[in-house]
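>>> have a look at this prediction, sequence included:
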Amino acid sequence: MEAPQPLSALSDILVVESNPAEARLIAEAFRDAGYTRKIEQFHNGEDAISYLQQPSVPDLILLDLSLPRKSGLELLEEIRSTEILKCIPVIILSGSTSPVDLRRAYELHANCYIRKPDDLDDFLKMINACYQFWGRIVRLPPRSRLS
């Protein structure tokens, strides 16, 4: 019989968000939900892809679409075309209501697309729901690279 999965299967989360205040809010909301491990934050696509080329890979990526230097969709495409990264769940967390963005994100195999709520309480509830689902319910593949 397989050993039970720990209470939280998430070891590392990567937040790629152009707005530093929103990135901090996401990190704080995860901590308020009970997540106590590492959260890396980058504010542009180029820095995020450089980070993803390091020996340690995150267990979950929250990705904004409106990024400088490399868009969220370009970053998603690169993640999904890189063997070692393509199994990492990617949650698109965007303010965009564009059906084109939504369709393209799913064509590039985003795991889900969530429109950022405008209301702070709704935003915190959404992050809590993400943590409960991805951190406590879902079974994630083993990490491919370790530092």
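Perfect, I can see it now.
>>> what segments of the protein are strands?
Taking DSSP state E as the criterion, the chain contains strands spanning 12-16, 38-42, 60-63, 90-94, 112-115.
>>> okay if I get those as JSON lines plus mean neighbour count and distance to residue 139?
For glycine as for every other residue, the C-beta is placed from the backbone atoms N, C-alpha and C. Rendered in JSON lines, the data for the strands of the chain read as follows (neighbours: other C-beta atoms under 10 Å; distance: least, C-beta to C-beta, whole Å):
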{"stretch": "strand 12-16", "mean neighbour count": "23", "distance to residue 139": "17"}
{"stretch": "strand 38-42", "mean neighbour count": "18", "distance to residue 139": "20"}
{"stretch": "strand 60-63", "mean neighbour count": "25", "distance to residue 139": "13"}
{"stretch": "strand 90-94", "mean neighbour count": "24", "distance to residue 139": "16"}
{"stretch": "strand 112-115", "mean neighbour count": "15", "distance to residue 139": "16"}
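>>> make TSV out of those and add mean pLDDT.
Converted to TSV, the strands of the chain look like this (pLDDT from 0 to 100):
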stretch	mean pLDDT
strand 12-16	96
strand 38-42	95
strand 60-63	97
strand 90-94	96
strand 112-115	96
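>>> would you mind giving those as JSON lines with distance to residue 122 added?
As requested, the strands of the chain are arranged in JSON lines below (distance: least, C-beta to C-beta, whole Å):
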{"stretch": "strand 12-16", "distance to residue 122": "18"}
{"stretch": "strand 38-42", "distance to residue 122": "21"}
{"stretch": "strand 60-63", "distance to residue 122": "16"}
{"stretch": "strand 90-94", "distance to residue 122": "13"}
{"stretch": "strand 112-115", "distance to residue 122": "10"}
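>>> residue 69 is nearest to which of these?
Put simply, out of the strands of the chain the one that sits nearest residue 69 is strand 38-42, at 10.3 Å, with distance taken as C-beta to C-beta.
>>> what distance separates the closest one from the centre of its chain?
Mean-position distance between strand 38-42 and its chain equals 10 Å (C-alpha atoms, centre = their mean, to the nearest Å).
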